[in-house]
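**Student:** predicted model follows, preceded by the sequence.
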Amino acid sequence: MVKEAKVIYKSDSELEEINFWKSKSPEEKLSTVQILREQYNNLFNKKEEYFESRKRLRRVYRIIESK
């Protein structure tokens, strides 16, 4: 059995991460952010605060048409 190890320096790992996210579409990036938000809310029991903040945002939001 041959064991292998890959050594990655911090700068290399950061570069790999940057390239990874550059390869993703904007939709995939937004989807990932939403998943992380949901995980955070579930982990720290912030569901009520999250829904309350969404209610406030909806009241302020307006669509403005330019003529």
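**Tutor:** Everything's here; your move.

**Student:** would you point out which residue is most central in the protein?
**Tutor:** For the chain, the residue nearest the mean C-alpha position is Val33 (1.9 Å; CA atoms, centre = their mean).

**Student:** tell me the mean pLDDT over the longest helix anywhere in the chain?
**Tutor:** Taking DSSP state H as the criterion, the chain has its longest helix at helix 26-43. Across helix 26-43, the average pLDDT comes to 90.

**Student:** counting contacts, what elements does it pack onto?
**Tutor:** helix 47-60 (3 or more CB pairs under 8 Å, 6 or more residues apart in numbering; DSSP states H and E). In this view, the C-beta of every residue, glycine as well, is placed from N, C-alpha and C.

**Student:** circling back to that earlier point, who's in contact with the longest helix of the chain?
**Tutor:** With contact meaning CB atoms under 8 Å, 6 or more residues apart in numbering, helix 26-43 is reached by 21, 24, 46-47, 49-50.

**Student:** now these: which count as buried?
**Tutor:** If you count burial by 16 or more other CB atoms under 10 Å, none of the contacts of helix 26-43 comes out as buried.

**Student:** can you put those residues in a markdown table and add distance to Lys3?
**Tutor:** As requested, these are arranged in a markdown table below (distance: CB to CB, whole Å):
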| residue | distance to Lys3 |
| --- | --- |
| Trp21 | 31 |
| Lys24 | 32 |
| Lys46 | 43 |
| Lys47 | 45 |
| Glu49 | 48 |
| Tyr50 | 46 |
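
**Student:** thank you, goodbye.
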